[in-house]
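J.: Fold the stuff below for me.
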Amino acid sequence: MLPTVLLISFLLFSLRRDPTGAGRPGRGIGGLFGFRETTAKVLKDKIDVKFKDVAGCEEAKLEIMEFVNFLKNPKQYQDLGAKIPKGAILTGPPGTGKTLLAKATAGEANVPFITVNGSEFLEMFVGVGPARVRDLFVMARKNAPCILFIDEIDAVGRKRGPGSFGVQSEQESTLNQLLVEMDGFNTASNVVVLAGTNRPDILDPALLRPGRFDRQIYIGPPDIKGRASIFKVHLRPLKLLANLDKDALAKKMATLTPGFSGADIANVCNEAALIAARHLSDAISPKHFEQAIERVIGGLEKKT
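T.: Reported below is the predicted structural model:
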């Protein structure tokens, strides 16, 4: 009987211990073997992305710059009786720079940046999702003022409907806990919540209302000026021909790439470098960029 008693005692001790000392039994490393602990990462001194590194979305950048000012000078707004917005949701097609813009906001504001993916809340164990949401906001309040960025929030923010069971019920419980944490009795202060998604049409209306996500910032595909500025950013680290004008090359490439997103433009610049290396060139020429555009649009050249 002794081994059985010792095993049961160890399991009970693991479930009840609270290594953080914050009065939250069952959390932390020992709580349910760490399943209930949030998987969010806190970045304090590693963010070297600034607004100058984000190009092609000038209007969205102006809107999100307000959040930097909120975090830097909160008293300026509180003295007038204004409430700091709780958060903003970044929407737009894939590859337009939603995550990059959130990183730049944290880099400019010089505050802790907590990042988590929406799918990390959903596990096979019942109750883990809401527990992780609670743990995430406890972490955010400890690091306030800070920016909390939830990427791909549509994983937990889908519209609630009747007849939920199984995984869908767990997802709804996680969403309910997120709604309470963002605007409930225990509302976070000086925690700006940013979220990114390219499917805003499936999000729950309660999540999008003012008081939770006060701003909805749309980041669309860049226009010709935006594409030229994005090309300038991605041409910086490349080794080009010595007599090549980067500004003229960026404008020319912008006219050749209508409808391209920021990720597509980064891919074109990388493909040009790969083609130049494949041909054993000492530097990248405009011809390599034209071949890269053809490769991205049409794929490999068919020899047959």
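J.: Please count neighbours and contacts with C-alpha atoms only from this point.
T.: Fine.
J.: burial of Leu12, as a residue count?
T.: By other Cα atoms under 10 Å, 13 other residues sit near Leu12.
J.: Would you agree it falls within a helix?
T.: Yes. Leu12: assigned to a helix according to DSSP: H, G, I helix; E, B strand; the rest coil.
J.: Identify the residues contacting Arg295.
T.: Each residue near Arg295 by Cα atoms under 8 Å, 6 or more residues apart in numbering is listed here: Glu271, Glu301.
J.: in the helix or strand containing it, what's buried?
T.: If you go by DSSP states H and E, Arg295 is part of helix 286-298. Neighbour-count burial for helix 286-298, counted by 16 or more other Cα atoms under 10 Å, picks out His288, Phe289, Gln291, Ala292, Ile293, Arg295.
J.: which residues does the second one contact?
T.: Residues in contact with Phe289 (Cα under 8 Å, 6+ apart) are Met253, Val268, Cys269, Glu271, Ala272.
J.: Can you tell me which of those has the most neighbours?
T.: Neighbour max across these (other Cα under 10 Å) = Val268, 27 neighbours.
J.: Dihedrals phi and psi, Lys41?
T.: phi -110, psi 140 (degrees, to the nearest 10).
J.: Make 14 the first number, not 1, from now on.
T.: New numbering, starting at 14: the last item is Lys54.
J.: Could you count how many residues lie near it?
T.: 12.
J.: That one contacts Thr128, doesn't it?
T.: Yes. Lys54 lies in contact with Thr128 (Cα atoms under 8 Å); the separation is 5.5 Å.
J.: And the contacts of Phe302, which is closest to Leu251?
T.: Cys282 (8.2 Å; Cα to Cα).
J.: can you pull the buried residues of the helix or strand containing that closest one?
T.: According to DSSP H and E, Cys282 maps onto helix 275-291. For helix 275-291, the neighbour count (16+ other Cα under 10 Å) marks 275, 277-286, 288-289 as buried.
J.: Export those residues as JSON lines, with columns for distance to Lys315 and pLDDT.
T.: Shown next, in JSON lines, are the buried residues of helix 275-291 (distance: Cα to Cα, whole Å; pLDDT from 0 to 100):
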{"residue": "Gly275", "distance to Lys315": "27", "pLDDT": "89"}
{"residue": "Asp277", "distance to Lys315": "22", "pLDDT": "92"}
{"residue": "Ile278", "distance to Lys315": "23", "pLDDT": "92"}
{"residue": "Ala279", "distance to Lys315": "24", "pLDDT": "92"}
{"residue": "Asn280", "distance to Lys315": "21", "pLDDT": "93"}
{"residue": "Val281", "distance to Lys315": "19", "pLDDT": "94"}
{"residue": "Cys282", "distance to Lys315": "22", "pLDDT": "93"}
{"residue": "Asn283", "distance to Lys315": "21", "pLDDT": "94"}
{"residue": "Glu284", "distance to Lys315": "18", "pLDDT": "93"}
{"residue": "Ala285", "distance to Lys315": "19", "pLDDT": "93"}
{"residue": "Ala286", "distance to Lys315": "21", "pLDDT": "94"}
{"residue": "Ile288", "distance to Lys315": "16", "pLDDT": "93"}
{"residue": "Ala289", "distance to Lys315": "19", "pLDDT": "93"}
